[in-house]
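A.B. asks: task: produce atomic coordinates for the following.
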Amino acid sequence: MQALLPGMKHAGYGRIVALSSRVALGRAGRSLYAATKAAIIALCRTWALELAPHGITVNVVAPGLIDTPLFRANNSPTQAGKLIRTTPVGRLGEVADVAHAVAHFIDSRSGFVTGQTLYVCGGTTIGVAQI
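C.D. replies: From the prediction side, this is the model:
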């Protein structure tokens, strides 16, 4: 951002999208991770206010459980199944789900959206599925 911001200001246009996590809302055993991801959201909300007069939007995409090699490496099939059952949509997210959210924020037609966090989490921010 530091390297690109002067050019964006000069152009009077820019899109910044940061990645955070659903865990920013809290999760037992993840204090440090949650705090750093919440800090990203707070920084981006402040930057959105500071950069809006320059035509620059700043938003955040905060994924939940996404099916990646790292997720699979850190979760046994049993653990993964338990996590999936607690996700209202009943599945893991895909990398394409996150990419689509980022694409929305960088679109030139999204110039009236700034300072927002989009949780790409299968509904886990609104409640846990009943099993």
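A.B. asks: going forward, measure contacts between C-alpha atoms and count neighbours the same way
C.D. replies: OK.
A.B. asks: need the residues that contact the strand ranked longest in the chain.
C.D. replies: In the chain, with assignment by DSSP state E, the single longest strand is strand 56-63. For strand 56-63, the external contacting residues (C-alpha atoms under 8 Å, 6 or more residues apart in numbering) are 8-9, 12-22, 41, 44-45, 47-48, 51, 98, 101-102, 105, 111, 113-121.
A.B. asks: go ahead and build a PyMOL selection from the buried members of the residues you listed.
C.D. replies: Buried residues within these, by 16 or more other C-alpha atoms under 10 Å, are selected in PyMOL with:
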select buried, resi 8+13+14+15+16+17+18+19+20+21+22+41+44+45+47+48+51+98+101+102+105+111+114+115+116+117+118+119+120+121
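A.B. asks: in helices, which of the contacts of strand 56-63 appear?
C.D. replies: Filtering these for membership in helices, criterion DSSP state H, returns M8, K9, I41, C44, R45, W47, A48, L51, V98, A101, V102, F105.
A.B. asks: if we can go back for a sec, and the next element down the chain from the longest strand of the chain?
C.D. replies: helix 69-74 (DSSP states H and E).
A.B. asks: that next one: what's the following helix or strand?
C.D. replies: helix 77-85.
A.B. asks: how far does that next one sit from the chain's center?
C.D. replies: Centre-to-centre, helix 77-85 and its host chain are 22 Å apart (C-alpha atoms, centre = their mean, to the nearest Å).
A.B. asks: avg pLDDT for that helix?
C.D. replies: Per-region confidence: helix 77-85 scores 92 on mean pLDDT.
A.B. asks: so which bits of it are buried?
C.D. replies: A80, I84, R85.
A.B. asks: is L92 in contact with T68, as I believe?
C.D. replies: No: using C-alpha atoms under 8 Å, L92 makes no contact with T68, being 9.4 Å away.
A.B. asks: higher neighbour count, these two?
C.D. replies: The residue with more neighbours, out of L92 and T68, is L92; 20 against 12, by other C-alpha atoms under 10 Å.
A.B. asks: for that one, give me phi and psi.
C.D. replies: With angles defined as degrees, to the nearest 10, L92 sits at phi -80, psi 150.
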